[in-house]
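Trainee: sequence and predicted structure, then a few things I'm wondering about:
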2 protein chains.
Amino acid sequence: MRLVQKFGGTSVADLNRIRHVADIVCREREAGNEVAVVVSAMAGETNRLIALAHELAPEPKQRELDALVATGEQVTAALLAIELNRRGVPAYSFTGGQAGFRTTSSHFRARILEVQAEHLVRHMQRGHVPVVTGFQGVNERGEITTLGRGGSDTSAVALAVAVGADRCDIYTDVDGVYTTDPRVEPRARKIPKISYEEMLEMASLGAKVLQVRSVGLAMRYGMPIYLRSSFVDAPGTLVTKEDQTMERAAVTGIAFNRDEAKVTIRGIPDRPGIAAAVFGPIAEAEINVDVIVQNVSEAGVTDITFTVPRQDFRTTLRIMERVKAELGAREVFGDDTVAKVSIVGVGMRSHSGVAKTMFETLAQAGVNIAMITTSEIKITVVIDEEKLETAVRALHEAFRLHEPAREEA
Amino acid sequence: MRLVQKFGGTSVADLNRIRHVADIVCREREAGNEVAVVVSAMAGETNRLIALAHELAPEPKQRELDALVATGEQVTAALLAIELNRRGVPAYSFTGGQAGFRTTSSHFRARILEVQAEHLVRHMQRGHVPVVTGFQGVNERGEITTLGRGGSDTSAVALAVAVGADRCDIYTDVDGVYTTDPRVEPRARKIPKISYEEMLEMASLGAKVLQVRSVGLAMRYGMPIYLRSSFVDAPGTLVTKEDQTMERAAVTGIAFNRDEAKVTIRGIPDRPGIAAAVFGPIAEAEINVDVIVQNVSEAGVTDITFTVPRQDFRTTLRIMERVKAELGAREVFGDDTVAKVSIVGVGMRSHSGVAKTMFETLAQAGVNIAMITTSEIKITVVIDEEKLETAVRALHEAFRLHEPAREEA
């Protein structure tokens, strides 16, 4: 097998952790696999460098910040190569640019355009281990760019695609994806296998194990991602294409987020363009709107309710008061003690009655639903924050998520 | 004027020193000059990184050590660019590779092959300040190489040549070249102007202000180097082509070195190839021979005396005992309490009697001479170490080095 292994900042936090990473690399190599490695900066290093820059200038130029923080991964890559060499493993460190990562020109949030990694493939075929700095590349002017926080996962998947790897192993300080947060539901179970689509819904809803960008990329190229812990030697979660065995369960997991506030603007004269009129000023204030529900409540007028991050609640209310006046709407009100709960599962497509089960379960648990939205593989409800744990536990039970799936049994 | 300014490790040791460097850059820019900057790693950083590597492996691969330590200069370059940008000066950091430094492939002691710096010239012409990492480049495989300790001076001179600079300013923690070490002769005077040839003789003889490599490069291309302190705002020493005003004095300075031991092999049958037979085994032991004197002492046999670093004295004696047996020489003996004193000056060429003055002065001071060698612009004697200070002070007085040269008066 050809593997790309990625190790995050906590996995390479000090020399002992780097030695342990070398153990993992050697284990896969001794099992007969070809291995390339992608590393992050040692935990804390990126922040240390950014703090130095900010001590000099309140708004350092992003070109220079990129050049500065890119050194963090370069140090890790060289140190891991040194440790592997010491063990007799021929290993070579590469910066993003040297590894062939070409990106867009925008600094600090560049996107990967292509990875020209033929030379890395030749190394791998000869049994060498390329150790590549994650999170970075060069733009068309040859300047160092970084992919933004968490971009190392995306680097790893992109490299896996470029070298034609069979799998991309992402090692982190959590050991996989759970049916829900074990701190809320102790019976939460590790999911052995999850589809890209489900992973995207789980990740963007708060189960932040893996960067959304990297999952999207893996899905586009069908690259399996294996999420594992570099701290505990235990099976993780395989993120892969939807297959037969996945369809057996209607619901794969329950994601939730407490950091929510909802705002309603009621009695807006219903005419084309009102959504733009409502959400334009919010976007200009750089507030991320999440769930949006619109309903015609009576003839000719409509209501819109949406959620925003809790910290933006006051600002959003102020903006909406202005919008109310402009649109001649009736009233604006909100609530910043709400939470969002989603059930996610590709099985929903073929299982009827999932929504019915969800709503009945919540009703029996005494949870009032304030908003509902649905997608292909997800149903989201907004509820009172104080009912969040009750709701998650009831749903976990109702969909029998604590029971091992058949393939595990 | 177009300038390249180079700042060493102590000059960029912390954020305050970096701010001060920005002051100096801005001052030259405001004086109407085009400026490019070459920086070293923050003092201590290179050693910190090397220590990390050695904690992992006793002999880290040099390719990886280069990749590791190169981050030191990269951090300084980005931070200085950030500080300059904050002040409204358009500044851009460049790694050695980005700046166009192509080197030989050997890691940790690479040599510069060429500097393709047209893009930096365009920046400078637009009033931008390129900030380039010293000490590094890339080889033909695109791997990061470093030039060896002190290579930053060489980087600066090479860049100055490549961008067609009028002068290369090297800022350090000393403020110039003195007629001799002020700790030995308090009346030692800063030399305002010195020729490349004299600087080479001064530097290689222990007045280690500037890397010999960089002086050789500057001499080849006629690039003036201005040695200055980044800590004290005072005139420094200009290292440049020999010119008329330099010829007025016979002797420019007195260099010395205490770290010497001398070894004599006596009564070697005099035939072709004996020098090779003597020095071959020493070179194989990686011992650097410095002064060599050979003399025919009687018909058919010869004596050879030479100096080595004091730490290699015992090893050298052991090797010479073997050589003695092979060559059928009479005896081997040595002394590790000697020192070397040299008077240096291009004026010697046109002033007769310099050697006579030197030997008379030493005789009057009661200093016995063990060895003498001469070159075009230098006379070196090996003497008892305990007479070193006496000799230096007497020579400083005899050649009137404490008196300002006419052009300064």
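Mentor: Arrived safely, thanks for sending. All values reported here derive from a predicted model rather than from experimental measurement. Residues are numbered from 1 along each chain as shown, chains lettered A, B, ... in the order given.
Trainee: residues contacting the nearest residue to A:Phe279 once chain neighbours are set aside?
Mentor: In space, not counting the residues next to it along the chain, A:Phe279 is nearest to A:Val289; the distance is 6.1 Å by Cβ to Cβ, 6 or more residues apart in numbering or on different chains. In short, each C-beta sits where N, CA and C put it, glycine included. For A:Val289, the residues meeting the contact criterion (Cβ atoms under 8 Å, 6 or more residues apart in numbering or on different chains) are A:279, A:282-283, A:306-308.
Trainee: check what pLDDT A:Val289 gets.
Mentor: Predicted confidence (pLDDT) for A:Val289: 88.
Trainee: for A:Ala355, same thing?
Mentor: Value for A:Ala355, per-residue pLDDT: 88.
Trainee: how about the secondary structure of the residue of the stretch 101-250 of chain A found nearest chain B?
Mentor: Shortest the stretch 101-250 of chain A-to-chain B distance, computed as Cβ to the nearest Cβ: residue-wise this is A:Gly142, at 5.9 Å. Counting by DSSP: H, G, I helix; E, B strand; the rest coil, the backbone at A:Gly142 sits in coil.
Trainee: what's the neighbour count on it?
Mentor: The criterion is other Cβ atoms under 10 Å in any protein chain shown. On that basis, A:Gly142 has 12 neighbouring residues.
Trainee: so the closest residue to it other than its chain neighbours, which of the three states?
Mentor: Leaving aside its sequence neighbours, A:Gly142 sits nearest to B:Gln98 (Cβ to Cβ, 6+ apart; 5.9 Å). Local secondary structure at B:Gln98 is given as helix here, using three-state DSSP.
Trainee: measure the residue of the stretch 101-250 of chain A closest to chain B to A:Gly97 for me?
Mentor: 7 Å (Cβ to Cβ, to the nearest Å).
Trainee: now the common contact residues for these two.
Mentor: Overlap of the contact sets of A:Gly142 and A:Gly97 (by Cβ under 8 Å, 6+ apart) is empty.
Trainee: what helix or strand is A:Tyr263 located in?
Mentor: That one is not Tyr; residue A:263 is Val. Using DSSP states H and E, A:Val263 sits in strand A:253-269.
Trainee: so in that sheet, which strands flank that strand, and in what orientation?
Mentor: On the basis of DSSP bridges, the sheet neighbours of strand A:253-269 come out as strand A:301-309 (antiparallel), strand A:331-344 (antiparallel).
Trainee: pretty sure A:His123 is touching A:Ala117, no?
Mentor: No - the pair A:His123 and A:Ala117 fails to qualify as a contact (Cβ atoms under 8 Å) at a distance of 9.5 Å.
Trainee: the more surrounded of these two?
Mentor: Between A:His123 and A:Ala117, A:Ala117 has the larger neighbour count (other Cβ under 10 Å), namely 24 against 20.
Trainee: not including adjacent chain positions, what is the nearest residue to that one?
Mentor: Of all residues not flanking A:Ala117 in the chain, A:Ala162 sits nearest, at 4.1 Å (Cβ to Cβ, 6+ apart).
Trainee: give the burial count for the one you found, as a bare number.
Mentor: 22.
Trainee: right, and A:Val212 touches A:Leu200 too?
Mentor: Yes - applying Cβ under 8 Å as the test, A:Val212 and A:Leu200 come out as touching, 6.2 Å apart.
Trainee: neighbour count for those two, which is higher?
Mentor: A:Leu200 (21 against 17).
Trainee: quick check, the residue in the stretch 251-400 of chain A closest to chain B?
Mentor: Across the stretch 251-400 of chain A, no residue is closer to chain B than A:Glu286, which sits at 24.0 Å (Cβ to the nearest Cβ).
Trainee: that residue in helix, strand or coil?
Mentor: Using three-state DSSP, the three-state assignment for A:Glu286 comes out as coil.
Trainee: A:Arg111 versus that one, what's the distance?
Mentor: Applying Cβ to Cβ, the value for A:Glu286 to A:Arg111 is 20 Å.
Trainee: output the longest helix belonging to chain A.
Mentor: helix A:62-86 (DSSP state H).
Trainee: tell me which parts of chain A are close to chain B?
Mentor: Within chain A, the positions lying close to chain B (Cβ under 8 Å from any Cβ of the partner chain) are A:15, A:18-19, A:49, A:52-53, A:55-58, A:60-61, A:63-65, A:67-68, A:70-71, A:74-75, A:77-79, A:81-83, A:85-86, A:91-93, A:95, A:98, A:142-144.
Trainee: apply 7 Å and report the result again.
Mentor: Taking Cβ under 7 Å from any Cβ of the partner chain as the criterion, chain A approaches chain B at residues A:15, A:52-53, A:55-57, A:60-61, A:63-64, A:67-68, A:71, A:74-75, A:78-79, A:81-83, A:85-86, A:92-93, A:98, A:142.
Trainee: would you mind giving the domain segments of chain A?
Mentor: A:2-173, A:254-408 (automatic domain parsing).
Trainee: and the strand holding A:Val263, how far from the chain's centre?
Mentor: Here strand A:253-269 shows a centroid-to-chain-centroid distance of 21 Å under the convention Cα atoms, centre = their mean, to the nearest Å.
Trainee: so how far is A:Pro58 from the residue lying closest to A:Ala57 once chain neighbours are set aside?
Mentor: With sequence-adjacent residues excluded and distances taken as Cβ to Cβ, 6+ apart, A:Ala57 is closest to B:Arg86, at 3.7 Å. Taking Cβ to Cβ as the criterion, B:Arg86 is separated from A:Pro58 by 8 Å.
Trainee: equivalent analysis for A:Asp175, please.
Mentor: Relative to A:Pro58, A:Asp175 is positioned 40 Å away (criterion: Cβ to Cβ).
Trainee: these two: who's more crowded?
Mentor: Each of A:Asp175 and A:Pro58 had its neighbours counted (other Cβ under 10 Å), and the higher figure belongs to A:Asp175 (20 against 8).
Trainee: identify the residue nearest the more buried one in space, chain neighbours excluded?
Mentor: For A:Asp175, the nearest residue in space outside its immediate sequence neighbours is A:Ser229; the separation is 3.6 Å by Cβ to Cβ, 6+ apart.
Trainee: that neighbour: neighbour count?
Mentor: 16.
Trainee: and what of A:Gln125?
Mentor: That count, for A:Gln125 with other Cβ under 10 Å as the rule, works out to 11.
Trainee: from the chain's centre, how far out does stretch A:133-143 sit?
Mentor: 22 Å.
Trainee: how long is that stretch end to end?
Mentor: Its start and end residues considered, stretch A:133-143 measures 15 Å (Cα to Cα, to the nearest Å).
Trainee: what do you get for stretch A:90-109?
Mentor: Chord length of stretch A:90-109, first to last residue, is 33 Å (Cα to Cα).
Trainee: quick revisit: the longest helix of chain A versus helix B:62-86: what angle between them?
Mentor: When axes from the mean of the first three to the mean of the last three Cα atoms, to 10 degrees is applied, the directions of helix A:62-86 and helix B:62-86 differ by 170 degrees.
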